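Colleague: Quick one, fold the following:
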Amino acid sequence: MSKLRNIFKNLFLSLIVVWNVNGFAQVDKLSRAQDLYQAKKPDLARPAIDSVVRHPDTKKDFISWTTRAFIYHEIYKRTDKNKLNSALRDTIIASLKISYSLKPDADGKKNNDNLTRALSVTYFNLAKTLVQDSLNDKRSNFAYTK
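Modeller: Predicted coordinates:
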């Protein structure tokens, strides 16, 4: 009986250790993604941050979602900034919405507000450019409503 008890005890402790290591791995991935973002390597940070926001331990952390929005914003500025329909921009906005819903602290809210403002300015500038072309009034209205 004591051997069986020791086996269950060791198995239980092993499961706890594996669960904790997996959670710490996600925190490490978040740190790695933030470091890559700081080093101006958003393409390398993208897979790490996507893994972080999908994991159950870190998907309810506003920092993960704010970091994702900023990483995607760096990629967006290089590739999709002048596109009216941008999947990257939509991903940024979705990440910001989730971050806001998770009740960020004052610094997180300020960062989210700054990024939201930058995206709003981009939409405004697109709409302003498109309104000058009389053939694109529907596209201009689309940008203004976004």
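Colleague: what sits against residue 34?
Modeller: Listed by Cβ atoms under 8 Å, 6 or more residues apart in numbering, the contact partners of residue 34 are 45, 67. Backbone N, C-alpha and C define where each C-beta goes, glycine included.
Colleague: Let's see the pLDDT reported for residue 41.
Modeller: For residue 41, the pLDDT comes out at 91.
Colleague: Can you show me the helices along this protein?
Modeller: 2-38, 42-54, 62-79, 87-101, 106-131, 137-145 (DSSP state H).
Colleague: hey, which of these is tucked in deepest?
Modeller: helix 62-79 (a mean of 21; mean count of other Cβ atoms under 10 Å).
Colleague: Run through who's touching stretch 139-146.
Modeller: Stretch 139-146 is contacted by residues 84, 123, 124, 126, 127, 130, 131, 133 when judged by Cβ under 8 Å, 6+ apart.
Colleague: Try it again at 10 Å.
Modeller: Applying Cβ atoms under 10 Å, 6 or more residues apart in numbering, the contact partners of stretch 139-146 are 84-85, 89-90, 93, 119-120, 122-134, 136.
Colleague: likewise stretch 105-114?
Modeller: Contacts to stretch 105-114, defined as Cβ under 10 Å, 6+ apart, come from residues 62-63, 65-67, 69-70, 95-97, 99-100, 102-104.
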